[in-house]
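Asker: Structure of the sequence below:
(one chain, ligands or ions: 2)
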Amino acid sequence: MSDPNYYAHLYNEYDKKPRRIHVLDSTLREGEQHPGVTFTNKQRIQIAWMLDYFGVDQIEISPVVSEDHFEATKTIIKQGLKADIVAHVRALKEDVDVALKCDPKWTATYLGISDIHLKDKLRITREEALRRAVETVEYAKSHGLKMRFTVEDGSRADPEFLLKVCKAIEEAGVDRISLPDTVGIMRPKGMFNFVKMVKEKIKVPLDVHCHNDIGLAVANAFAGVDAGADQIHTTIDGVGERTGIPSLAEVAVAMTYLYKSPNDFRLDMLTDLSRLIEEYTGIVPYDSKPLVGPTAYKHKAGTHLSAILRNPAAYEPIPPRVVGNRRKIVFGELAGKGGSAYLMSLLGLPKNDEQAKAVAAGLKNLRMGDLLEIPLDGKLERKIINDAKSSKD
Ligand code: HCA
Ligand code: CU
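Answerer: Ligands and ions are numbered 1, 2, ... in the order given. Below is the predicted model of the structure:
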């Protein structure tokens, strides 16, 4: 059978020159800003190794927030991982000095440039902010660092001033600029326009860092990519300040399957990465979390079960094993005749239409909701699908 997603992909326009899009994972920086998330140094090092093995391009960590983080940053940098380790600090020389002590190749500094950040957080004028931005970039560059600069709260800053800052730091030699939607206020079209405006004036490669306050972070990040940004910030499970930022799983899968962006991600690690964060933080993600959540591949309604048992692609965009998740069928009052027939066959009962109907009615009458979940993968999956294909109805 041809690709069931074929027509959908025509709308997605995936084949128009796929671009390499990069991922910076900030689980160890933004992620630790999520209430309740604090890793031990051993955990930080393990997470960095796993993110590297997964295939992210950059891993961000802040050496200035605590003595522990300083040690973790230094140790992670010494591991010689493939990913760049980005030491994230405030736009202050003294912070860059702390970063330098960790011996990084990359550093990132951030400075609020919206009027509200300037006035009510930093209490500095636009001129002072501009000077500080340029001086910090020059300082980091004079120490041989690769440097990303984040125009914090950029989506709410006066565009004229934002461009002025971007131009000035570009001239000062900055290597990347991060365009954040710090309070998650953009709609996708807005993020597109924001990034496009900067892209038209600035040559330096652009990151997008989108917060999820209204639930649009992933969509906004990709709108930014459509406008020319080439790196998205993520965390495992999307943890971060308040409601966080895009989740690594959603971004990596969308990049691979919806953008056809070339990469070497080991997508099958995604569910384990999510479980690892759950184990380390005690925070259980909601069960319908896309791709990695326990219900992401559970099928329940009778009509869905009948279809899934013949061809899982009927109700799945990509197979669960791709992301290390499992498919399960849920038997309960919605199972219907098809689901009941398979429950009977799994129990070794002979095929019998009348009895399947009776079981379906019985399950409905019990009014006990879902009774049973059966993983549908590996051998069992093949058996069920083969049986379904050879059965007439
Ligand atoms: C912060 C601000 C930040 C920075 C983003 C970035 C934001 O919490 O320190 O450096 O790209 O959301 O603006 O996370
Ligand atoms: Cu942020």
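
Asker: So which residues of the stretch 251-393 of the chain form helices?
Answerer: With DSSP state H, counting those that start in this stretch as the criterion, the stretch 251-393 of the chain has helices at 270-281, 302-310, 336-346, 353-366, 378-390.

Asker: Serialize those to a markdown table and add fields for mean pLDDT and mean neighbour count.
Answerer: For the C-beta atoms, the positions are set from N, CA and C on the backbone; glycine is no exception. A markdown table is the format used below for the helices of the stretch 251-393 of the chain (pLDDT from 0 to 100; neighbours: other C-beta atoms under 10 Å):
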| stretch | mean pLDDT | mean neighbour count |
| --- | --- | --- |
| helix 270-281 | 97 | 19 |
| helix 302-310 | 90 | 20 |
| helix 336-346 | 89 | 21 |
| helix 353-366 | 92 | 15 |
| helix 378-390 | 59 | 13 |
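
Asker: and those as CSV, adding distance to ligand 1?
Answerer: Listed next are these as CSV, based on distance: least, C-beta to the nearest ligand atom, whole Å:
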stretch, distance to ligand 1
helix 270-281, 18
helix 302-310, 39
helix 336-346, 46
helix 353-366, 49
helix 378-390, 41
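
Asker: Helix, strand, or coil at the residue in the stretch 201-350 of the chain that ligand 1 sits nearest to?
Answerer: Closest to ligand 1 within the stretch 201-350 of the chain is His209: 3.7 Å, counting by C-beta to the nearest ligand atom. Reducing the assignment at His209 to three states with DSSP: H, G, I helix; E, B strand; the rest coil gives strand.

Asker: Run through the residues that contact it.
Answerer: 150, 178-182, 233, 245 (C-beta atoms under 8 Å, 6 or more residues apart in numbering).

Asker: Show me what it bridges to in the sheet.
Answerer: For His209, the beta-bridge partners are Pro180 (DSSP bridges).

Asker: Then His22?
Answerer: Assigned bridge partners for His22, using DSSP bridges, are Gln231.

Asker: Give me the distance between it and Glu160.
Answerer: Going from His22 to Glu160 by C-beta to C-beta, to the nearest Å gives 29 Å.

Asker: mind putting the contacts of His209 in TSV, distance to Lys337, pLDDT and neighbour count included?
Answerer: Formatted as TSV, the contacts of His209 follow (distance: C-beta to C-beta, whole Å; pLDDT from 0 to 100; neighbours: other C-beta atoms under 10 Å):
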residue	distance to Lys337	pLDDT	neighbour count
Thr150	57	98	24
Ser178	55	98	22
Leu179	54	98	25
Pro180	53	98	22
Asp181	49	98	27
Thr182	53	98	22
His233	48	99	27
Ile245	45	98	33
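
Asker: Against ligand 1, which of these make the cut? List them.
Answerer: Checking the contacts of His209 against ligand 1 by C-beta under 6 Å from any ligand atom, the ones in range are 150, 178, 180, 182, 233.

Asker: What parts of this protein come near ligand 1?
Answerer: Residues of the chain lying close to ligand 1 (C-beta under 6 Å from any ligand atom) are 30, 33, 108, 110, 150, 152, 178, 180, 182, 209, 211, 233, 241.

Asker: Mind listing residues that contact whichever helix or strand the fifth one is part of?
Answerer: For Thr150, the host element (DSSP states H and E) is strand 146-152. Judged by C-beta under 8 Å, 6+ apart, the contacts made with strand 146-152 from elsewhere in the structure are 84, 86, 91, 105-114, 117, 133, 136-137, 140-141, 157, 162, 165-166, 169, 173-180, 182, 207, 209.

Asker: hmm, which of the residues you listed are the buried ones?
Answerer: Buried members of the contacts of strand 146-152, scored by 16 or more other C-beta atoms under 10 Å, are 84, 86, 91, 106-114, 117, 133, 136-137, 140-141, 157, 162, 165-166, 169, 174-180, 182, 207, 209.
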